[in-house]
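Asks: give me coordinates for this.
(chains A and B)
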Amino acid sequence: MQYLKKYPKLFQWLFLLIVFFSLCFAIEVPETYKFIRGQAEFVKDPNQSVYFFLGKEVRYYAFDVFWRLPPLLGWLPIWINDSLFFLMNEWMPMEFWNEDTQEFKTRPLLLQISRNLTAFMTFLIELIREILLGGLETIVAFTSWDFIDAYPWLELPGLPWTIVAAGAAILSYKLSGKGLALFAGLTMIYISIFGQWKPSMQTLSFILVAAPLSFIFGLGLGIAAYKSKRVEKALYPILLVMQTMPQYAVLVPALVLFGVGDHAAVIITMVVAVPPMILLTILGLRAIPPEVIEAGRMSGCTNWQLMLKVLIPTARRDILIGVNQVIMVCFSMAVISAFIGAKGLGFNLLLALNQLNIGLALEAGLCISLIAILLDKMSLAWANKQTDYFGNLTFFQRNKNTIFFAASVLIGIVLAYIGTFIFKGSFNYLFEVPHNKGISTADFWNKGVDWIFDTFFVYIKAFNTWLIVDVLQPMRALYLRMPAVATLVLAVGAGYLIGGIRSALVVAALTLFIALSPWWDRALVTLYMATFGVIVSCLIGFTVGTLCFQNKKSAAFMLGVCDIFQTFPSFVYLIPVMMLFGITDTSVLIAVIVYATIPATRYTIEGLRSVPVGLHEAATMSGVNKFQRLTKIEFPLAFPHMMLGLNQTIVFALFMVIIGAFIGTEDLGQYILKALSDKNGAGIGLTLGICVAFIGLIFDNLIRTWVGKRKKHLGID
Amino acid sequence: MSETVIKCESVYKIFGQNAKKMLEEANGKVDAKTFQEKGCIVGVNNASFEVAKGEMLVVMGLSGSGKSTLLRCISRLTDATGGKIFIEGQDLLELNNKELIELRRSKMGMVFQSFALLPHKTVVENIAFPLQIKGTNTDDSINRAMEMVKLVGLDGRENYFPRELSGGQQQRVGIARSLAVEPDIWFLDEPFSALDPLIRKEMQDEFLRLQEKLQKTIMFITHDFDEALKLADRIAIMKDGIIEQLDTPANIVLNPATEYVRKFTEEVPREKVLIIEDVMDASSKDNLGDLKVSKDEIIENVAEKILTQEKLVGVVDSNNNIVGSIKPSKIIDTVFGGRKNGS
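Replies: Residues are numbered from 1 along each chain as shown, chains lettered A, B, ... in the order given. Alright, predicted model coming up:
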């Protein structure tokens, strides 16, 4: 009894678990239940039950209600699909002037908007692409084909790679200094001599459109939300869902709305990249001390000046993190949007992975990662740049970067011209190294992979088998064994114990949505893979973080490593694991673990760092040893922050599990991937995406509520 | 000297919903408690005063007394709920946004407790900021800012960032920034409260030196009574949004209006605050001894001399005309007597 009084929470949790397990054992597995069949596959089968809702037919396999809930939301994907179709093809037909046919044409409003938007995006991408690679289309857009036929010299030749490399190096030097300039130059040279120039520039042109647009929209909406509570309230739920929405899932509706190609990819990238930018903008603006704003006002700032010269620069730190996120997402999407026909490195990467040409994939992946890191560092340097008012500079000193660039343009052109004589009749390598004609180390890597496979096959195979047979399969079976009702009770109970009625209701609603969708079983598989990944990631992340924290240098080093790893597009993580483990669940899980370990490590170090120095000193004076200090003081205080890390780890893990569908899994991600090639897939893709987002949000809600309470209890911030 | 620069007529600031309506209904009798029950907090309660050109008015009060709110009403960082505020005869509350910005750009400067420097700008950029906002070109504003850097004694640190400076140095930047546009009116909101005692004293002396040179019209907010006595021409003591007493330092020390004010004055060493003029007898100018003292001397400086005299000591003004006299025993009364009976 006295224990009950001492630890009431513990007993409540124990009670919840007892209820959960007894429900699990009490509810039998129906004999007809088979995972593979799922519940609603939209294939007709005499064993299926049918119901009609709003004129939509929903077919499913009926089970005991306690075991699996019937898919009462099964009409939702069909309904979304039909509404989208209606909006695009029938809603609000209007007369629009058609330039080509010189007459008015009736078109639905949304279709017209979508066409105009895509035309605009295409124009932007083409413009940048033609500056970098040469071409005709922009000039044609302004004039006509006849005009070009009359003046054939108008065709843009594109910049020789030497000039772009020199330009990148000079710009980096101006922004930051020698180190970055060297990195920029080497990156560009690498890209060029490995024959990745064309796809890289295609990807770059895509990013140079998507990233600035995302930044502007994110900043603008963030400012709007900061200024008006109403805007914030309207945005908040969308932001929350988008934070945990897998990137695959948004591709599918984009296909319907914007078609296939780079333009659709840009728009969809913006949809994914804008939410974190908004959140960080709001966060940064909120954190500005009120006196700084008053100082700006008293200096006589107009509202515009206040925003541009005081608020945004003061909130710079968070806004920069936002920029970093935008760039990260853009590169990540540059690969993923290859699924909907975006050209560039991502497309090559997917192609190589599909052909199991690991070497080629590795080279393309390295290219993307290098450009990502370069752009990230350059944007950071640009934001931190300062002017020197007192340097008494000569004309040459002031304009030396321009002069150097002009000189390099000249030299580049001369070199390219000389190249036409050297490489007569073949490719002019001083102008552009064509794709697949550069140096390639792909063979080396492929042979290396083969060698590893031949040499360690037995061990890898043994490990693989052990993991799948003894760990993963039983774990999966356990998850699938959970009756729907028991899972609901567990989730709602946890919500109630952590955050009271409010949390319980939120969690119940989110869980019910998934349970009533046709993909509960698949969601359980997603959950099992994510859980496995999260557990291992946290074990590694917390251990590595704690060890690195013991020394200031190693902590800073580890944070730097996390920064770089985070810049890699998520898809790139699949390459090395496929090298080693081939196409198995193990590959996906290892990619999940590697990817999700980043936030776990980062938040552990940051959490431990945030423990006040005063407490360290107090502890030292009380005579604790290092281990006691860690367990008695640092861990309890850093724990809330580490839990936020857990939250991020879950989100990262879910993302990677879904991306892992590319390798071949049986979870929600696989269905999203299937929806991509289904002409009626938009509704399914979106609903599946929302399901994944809701899994993330359930944990997000529970963890955040707990952290908030705990922090209040400890009196931290 | 007597031209009025700032004039407040029963200014109210009440926070909360329906504040304006409640103020109208209260008919000029605002009681903090009844307002609080209805969910409103009274920040400033019926403040009326004037500040003359070149005068330094120190508003003194403990935290939550509404002193900063009053200052923000006068600089219109927040809008007063009721009452009128005139800046050089202009009705502040009637100004539209554009006129307000113009007023701030040309006439007002403000210094903040937490310095409120822009973290992304260097010292010289921070100081040049109000000028650049006004539209002054870069060269002129930087040159002007460099003059200000010299004025506050930060030469050689103009390219530092605020985070690289100590608190005292940061506040020097804050002061220089507020003076860069050569404002007539200077608001200082607890400018020295965040500084160490020694630095604070140094900054106060520096501030007096600056003011002697610049002769601005000043509203200075502080919670430190000693600071108020040291700097002020007149002091306004605030409690719960109400100005308890507004008078010269000497009169506050000699004649505290309320019990609350008296508590502050109890521990004040009078000989350091009062000057001879405050305690002399202006009616008797006869039977004087040989010693003459100036009426502007602080008592502490001449007490020893006066106490050695047996006769009345003559008090003279700057032209050496006799304006009154002082009995040696009066010094003893002032220093020791006043504390007990409070008169």
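
Asks: contact residues of chain B facing chain A?
Replies: B:72, B:75, B:77, B:101-102, B:104-106, B:108-110, B:112-122, B:124, B:129-130, B:133-134, B:138, B:142, B:158-159, B:174, B:177-178, B:181, B:187 (C-beta under 8 Å from any C-beta of the partner chain). Where C-beta positions appear, they are placed from N, C-alpha and C, glycine not excepted.

Asks: C-terminal to the helix or strand hosting residue A:540, what's the next element?
Replies: Using DSSP states H and E, residue A:540 sits in helix A:520-549. Elements were assigned by DSSP H and E; along the chain past helix A:520-549, the next helix or strand is helix A:552-567.

Asks: Three-state assignment for residue B:47, please.
Replies: strand (DSSP: H, G, I helix; E, B strand; the rest coil).

Asks: over to the one 4 residues further on?
Replies: Here residue B:51 takes the strand state, with states given by three-state DSSP.

Asks: tell me the contacts of it?
Replies: B:4, B:5, B:6, B:7, B:57, B:217, B:218, B:219 (C-beta atoms under 8 Å, 6 or more residues apart in numbering or on different chains).

Asks: could I get those residues as TSV with secondary structure and distance to residue A:537?
Replies: TSV is the format used below for the contacts of residue B:51 (DSSP: H, G, I helix; E, B strand; the rest coil; distance: C-beta to C-beta, whole Å):
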residue	secondary structure	distance to residue A:537
B:4	strand	70
B:5	strand	66
B:6	strand	63
B:7	strand	67
B:57	strand	63
B:217	strand	64
B:218	strand	60
B:219	strand	58
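
Asks: the residue nearest to residue A:97 when sequence neighbours are not counted: which element?
Replies: In space, and not counting its chain neighbours, residue A:97 is closest to residue A:104: 5.9 Å by C-beta to C-beta, 6 or more residues apart in numbering or on different chains. Residue A:104 belongs to strand A:103-108 when assigned by DSSP H and E.

Asks: list the buried residues for the next helix or strand after that strand?
Replies: For strand A:103-108, the succeeding helix or strand toward the C-terminus, using DSSP H and E, is helix A:109-133. For helix A:109-133, the buried set under the neighbour-count rule, 16 or more other C-beta atoms under 10 Å in any protein chain shown, comprises A:110-112, A:114, A:117-118, A:121-122, A:124-133.

Asks: what does helix A:109-133 rub up against?
Replies: A:87-89, A:91-94, A:96, A:107, A:135-138, A:141, A:156, A:158-159, A:164, A:198, A:201-202, A:204-206, A:208-209, A:257-259, A:261-264, A:266-267.

Asks: swap in stretch B:29-37?
Replies: With C-beta under 8 Å, 6+ apart as the criterion, stretch B:29-37 contacts B:12, B:14, B:16, B:22, B:23, B:26, B:41, B:42, B:45, B:46, B:240, B:241.

Asks: residue of the stretch 1-150 of chain A closest to chain B, please.
Replies: Going by C-beta to the nearest C-beta, chain B is nearest to residue A:128 of the stretch 1-150 of chain A, at 29.7 Å.

Asks: can you pull the pLDDT of that residue?
Replies: For residue A:128, the model assigns a pLDDT of 82.

Asks: ok, back up a step: partner strands of the strand holding residue A:104 and their direction?
Replies: Strand partners for strand A:103-108, identified by DSSP bridges, are recorded as strand A:93-98 (antiparallel).

Asks: now do the partner strand against helix A:109-133, angle only.
Replies: 30 degrees (axes from the mean of the first three to the mean of the last three C-alpha atoms, to 10 degrees).

Asks: so which of the residues of chain B next to chain A sit within helices?
Replies: The helices, defined by DSSP state H, take in B:72, B:101-102, B:104-106, B:124, B:129-130, B:133-134, B:138, B:142, B:174, B:177-178 from these.

Asks: may I ask which two of the residues you listed are separated the most?
Replies: Greatest spatial distance in those: B:72 and B:138, 31.4 Å, computed using C-beta to C-beta.

Asks: the two: who's more crowded?
Replies: residue B:72 (23 against 12; other C-beta atoms under 10 Å in any protein chain shown).

Asks: all the strands of the stretch 1-150 of chain A, in order from the start?
Replies: Here the stretch 1-150 of chain A has its strands, by DSSP state E, counting those that start in this stretch, at A:49-53, A:56-60, A:93-98, A:103-108.

Asks: tell me which of the ones you listed is the most buried.
Replies: Of all these, strand A:56-60 has the most neighbours on average by mean count of other C-beta atoms under 10 Å in any protein chain shown, namely a mean of 18.

Asks: which one of the ones in helices among the residues of chain B next to chain A is nearest residue B:296?
Replies: residue B:178 (30.0 Å).

Asks: just to revisit the earlier point, mind putting the strands of the stretch 1-150 of chain A into TSV with mean pLDDT?
Replies: Output for these, formatted as TSV (pLDDT from 0 to 100):
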stretch	mean pLDDT
strand A:49-53	80
strand A:56-60	78
strand A:93-98	75
strand A:103-108	78
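
Asks: just send those strands back as CSV, with distance to residue A:555 too.
Replies: Rendered in CSV, the data for the strands of the stretch 1-150 of chain A read as follows (distance: least, C-beta to C-beta, whole Å):
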stretch, distance to residue A:555
strand A:49-53, 56
strand A:56-60, 53
strand A:93-98, 60
strand A:103-108, 57
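
Asks: please parse chain A into its domains.
Replies: Per the record, chain A has its domains at A:161-193+A:395-438, A:197-380, A:456-481+A:517-714, by automatic domain parsing.

Asks: what's the closest of these to chain B?
Replies: domain A:197-380 (3.3 Å).

Asks: for the chain, give me the ranges with low pLDDT.
Replies: Using chain A here. A:1, A:35-44, A:99-100, A:135-145, A:147-148, A:150-158, A:385-398, A:423-438, A:716-717 (pLDDT under 70).

Asks: um, chain B though
Replies: Within chain B, the stretches with pLDDT under 70 are B:1-2, B:337-343.

Asks: centroid residue for it?
Replies: residue B:58 (2.3 Å; C-alpha atoms, centre = their mean).

Asks: report how many residues lie close to the closest residue in space to that one that isn't next to it in sequence.
Replies: Among residues not flanking residue B:58 along the chain, residue B:232 sits closest, at 3.8 Å (C-beta to C-beta, 6+ apart). Per other C-beta under 10 Å, the neighbour tally for residue B:232 reads 22.

Asks: residue B:247 is in contact with residue B:232, correct?
Replies: No. Taking contacts as C-beta atoms under 8 Å, residue B:232 lies outside contact range of residue B:247: 9.8 Å.

Asks: what's the burial count for residue A:663?
Replies: Other residues lying near residue A:663 total 21 when counted by other C-beta under 10 Å.

Asks: enumerate every residue touching it.
Replies: The neighbourhood of residue A:663, defined by C-beta under 8 Å, 6+ apart, consists of A:574, A:578, A:583, A:584, A:587, A:588.

Asks: the residue most central in space within chain A in helix, strand or coil?
Replies: Chain A has residue A:329 as the residue nearest its centroid, 4.7 Å off, counting by C-alpha atoms, centre = their mean. State at residue A:329, reduced to three classes by three-state DSSP: helix.

Asks: ok, it - contacts?
Replies: Applying C-beta under 8 Å, 6+ apart, the residues contacting residue A:329 are A:214, A:247, A:269, A:272, A:273, A:276.
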